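1. Quick one: sequence and predicted model below, then my questions.
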Amino acid sequence: SVCKFARAMMRPNYYADVPLTRDDSLRRDKDELARLRADPSSRVLALWRDKHQVVGDDHPTPVWHSGNAAQELLSDCANWILLGVRDGNAHFAVDVSHLTAPSAHTLFAKHDRFVDLRSVGPLLTRDDSSVMAFARAVAFWNRRNLFCGACGHPTEHAEAGHVRKCTYSECGMDHFPRTDPAVIVLVVHDNDCLLGRQKVWPKGMRSTLAGFLEPGESLEETVIRELQEEAGVKLSATPIYQHSQPWPFPSSLMVGFYARAASKTLTVNTDELETADWFSREQLRNSPEDETFRLPRRDSIARRLIDDWLYNSAVA
């Protein structure tokens with residue numbers, strides 16, 4: 001039904017819709033932050049070199065530290081990040097990437113399994129995956145911006161990990177986390193859609209076409225340019241925005257579109273793609289999901305664009 005389709009289109013993508021209150025004023029309140037860091041009810045998520053501490057295999061969950069363990073982690077004034085507040089409790093992340101291995105810290109001796117979010121993302125609850133993605137993105141940004149890009153002097157942790165300030169008095173520039181926007185597009189023509197493949201992907205995998213914005217471009221212009229550059233596709237109408245997804249691997253925002261091709265004529269740029277072909281709904285619904293042919297991972301916006309087109313006739 002139309003209502004069912006509308007509800008499906010409104011649901012957030014994986015890694016979006018963080019269930020915490022982001023409070024910019026709290027990030028600047030040093031006294032309240034000090035109180036929250038000492039509060040035993042505060043919760044702390046540990047990261048090590050972009051990996052998360054988790055327990056469980058079939059249904060993994062992140063390890064949240066509280067009480068004395070949380071206070072010990074938060075005593076490090078350089079590597080903590082306020083993620084937000086939920087049910088009256090502050091939630092933090094702490095980056096322990098300076099350790100040679102997680103097991104070097106006594107708090108992780110019992111649970112020293114740290115995993116890449118991409119390896120467990122679809123197995124997590126949506127709430128857990130979004131918070132972990134948020135933490136990963138901000139921790140990565142902090143670790144990669146220890147020096148000022150304007151003058152080269154060291155930067156320091158500020159505003160609960162969401163700003164880095166240049167320590168050189170004659171510069172003093174504030175640096176903020178960056179996000180790199182990229183378009184991702186499912187191109188359709190009648191009952192077929194266009195999927196490409198890059199050599200570095202897992203065997204058999206096909207996916208939607210994508211590319212980063214260039215300076216001075218609108219999202220729609222990027223769609224048109226990328227499709228022309230990668231596959232020689234010309235469109236019959238303006239591409240239509242659908243939804244977006246934070247993709248913190250390391251710092252992208254994927255902006256999803258549908259686009260209608262004027263024809264099925266392709267000129268594949270083999271510097272960009274190994275191959276690109278048209279596939280029918282029937283072919284994709286019968287995908288073996290193995291090394292001969294597989295669709296994108298289930299936590300990706302690429303997979304959602306494809307699934308929405310496969311199973312909702314109102315799409316595109």
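-> Right, received. Where do you want to start?
2. what residues does stretch 184-195 touch?
-> For stretch 184-195, the surrounding residues in contact (C-beta atoms under 8 Å, 6 or more residues apart in numbering) are 206-210, 223, 226-227, 231, 233, 235, 239, 254-261, 263-264, 266, 276-281, 284, 301-302, 305-306, 309, 316. Where C-beta positions appear, they are placed from N, C-alpha and C, glycine not excepted.
3. ok, P296 touching D307?
-> No - counting by C-beta atoms under 8 Å, P296 does not reach D307; the two are 9.7 Å apart.
4. Would you mind telling me which of these two has the busier surroundings?
-> P296 (21 against 16; other C-beta atoms under 10 Å).
5. which stretches of the chain form helices?
-> 2-10, 24-27, 30-38, 67-74, 117-120, 126-144, 219-231, 281-285, 301-311 (DSSP state H).
6. Those helices: which one's closest to E156?
-> Counting by C-beta to C-beta, E156 lies closest to helix 126-144 out of these; the figure is 10.6 Å.
7. what comes into contact with the closest one?
-> With contact meaning C-beta under 8 Å, 6+ apart, helix 126-144 is reached by 12, 14-20, 45, 47, 50, 52, 61-62, 79, 81, 83, 91, 93, 95, 97, 117, 121, 124, 157, 161-162, 164, 177-178, 246, 248, 250-251, 299.
8. Which entries within the residues you listed meet the buried criterion?
-> Among these, those buried by neighbour count (16 or more other C-beta atoms under 10 Å) are 14-16, 18, 20, 45, 47, 50, 52, 62, 79, 81, 83, 91, 93, 95, 117, 121, 124, 157, 161-162, 164, 246, 248, 251, 299.
9. Tell me, please, where in this structure the pLDDT is lower than the cut-off.
-> 1-10, 77, 313-316 (pLDDT under 70).
10. separation between the spatially most central residue of it and P296?
-> With distances taken as C-alpha atoms, centre = their mean, W247 lies nearest the centre of the chain, 1.9 Å away. Using C-beta to C-beta, to the nearest Å, W247 is found at 12 Å from P296.
11. Tell me which of the helices of the chain lies nearest to G196.
-> Evaluated over those, closeness to G196 peaks at helix 219-231, with 6.7 Å, by C-beta to C-beta.
12. Counting by contacts, list what the closest one packs against.
-> Judged by 3 or more C-beta pairs under 8 Å, 6 or more residues apart in numbering; DSSP states H and E, helix 219-231 is in contact with strand 180-189, strand 192-197, strand 209-212, strand 252-260.
13. Take those strands and lay them out in JSON lines including distance to A104 and mean neighbour count.
-> Shown next, in JSON lines, are these (distance: least, C-beta to C-beta, whole Å; neighbours: other C-beta atoms under 10 Å):
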{"stretch": "strand 180-189", "distance to A104": "33", "mean neighbour count": "21"}
{"stretch": "strand 192-197", "distance to A104": "41", "mean neighbour count": "22"}
{"stretch": "strand 209-212", "distance to A104": "37", "mean neighbour count": "19"}
{"stretch": "strand 252-260", "distance to A104": "31", "mean neighbour count": "21"}
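14. Including distance to S41, could the ones you listed go into TSV?
-> Listed next are those as TSV, based on distance: least, C-beta to C-beta, whole Å:
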stretch	distance to S41
strand 180-189	36
strand 192-197	48
strand 209-212	41
strand 252-260	33
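15. Tell me which of those strands lies nearest to F108.
-> That would be strand 252-260 among the helices and strands packed on helix 219-231, by C-beta to C-beta, at 29.1 Å.
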